[in-house]
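1. Fold the following.
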Amino acid sequence: MVSVLLLTLLPEISFGQNDKKNDSLSREIKPLQQPKSSSVMNSTEAPLKNITVKSDGVQTISSGTPRTQPTIDQKIASIEDHIKAIDIKVAHVSADPALNQKAIEQNWFEQMVDIRVKLVQQRDELVIQKNN
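-> Coordinates of the predicted model:
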């Protein structure tokens, strides 16, 4: 009897989000607008948004400042960090017999040597480019 009474009253119980059903539907979404200012933007300031439409109809919208290309010094530092990470990982894997065996079976050490050689070549090319 009590369960029947609860089931009949359950649809009448409100949990707060149902109290204002039409309130959320009546809200309008306001479009994003450029700030109104009489001053001209500096070259370092970015517009609020940048809209690009490609020939195939794809529209790209980006906001904020555009990403800058890393400098040669930043590229060199990134490559050196990658080389250090490889050296640390190789030392870690070599120290654990189970991981060492698995790495040998999967030729992981050879792959790391190949990647490291390529990174050293890239770093050397960037150092030459920087010095010229």
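
2. Quick one: neighbours of the nearest residue to residue 75 once chain neighbours are set aside, just the number.
-> Sequence neighbours aside, residue 126 is the residue nearest to residue 75 in space, at 5.6 Å (criterion: CB to CB, 6 or more residues apart in numbering). Heads up, the C-betas are built off the backbone N, CA and C, glycines and all. The local packing of residue 126 (other CB atoms under 10 Å) involves 16 other residues.

3. Next, residue 126: secondary structure please.
-> helix (DSSP: H, G, I helix; E, B strand; the rest coil).

4. Then residue 80?
-> Going by three-state DSSP: residue 80 is helix.

5. Just to check, it is in contact with residue 123?
-> Yes: taking contacts as CB atoms under 8 Å, residue 80 lies within contact range of residue 123: 6.6 Å.

6. and the two? which has more neighbours close in?
-> For residue 80 versus residue 123, neighbours defined as other CB under 10 Å are more numerous around residue 123 (18 against 13).

7. How about the contacts made by that one?
-> By CB atoms under 8 Å, 6 or more residues apart in numbering, residue 123 lies in contact with 76, 79, 80, 83.

8. most surrounded residue in the residues you listed?
-> Ranking these using other CB under 10 Å puts residue 79 first, with 20 neighbours.

9. what sits against that one?
-> Going by CB under 8 Å, 6+ apart, the list of residues near residue 79 reads 119, 122, 123, 126.

10. For the residue lying closest to it once chain neighbours are set aside, give its distance to residue 116.
-> Leaving aside its chain neighbours, residue 79 sits nearest to residue 123 (4.5 Å; criterion: CB to CB, 6+ apart). From residue 123 across to residue 116, the span is 10 Å (CB to CB, to the nearest Å).
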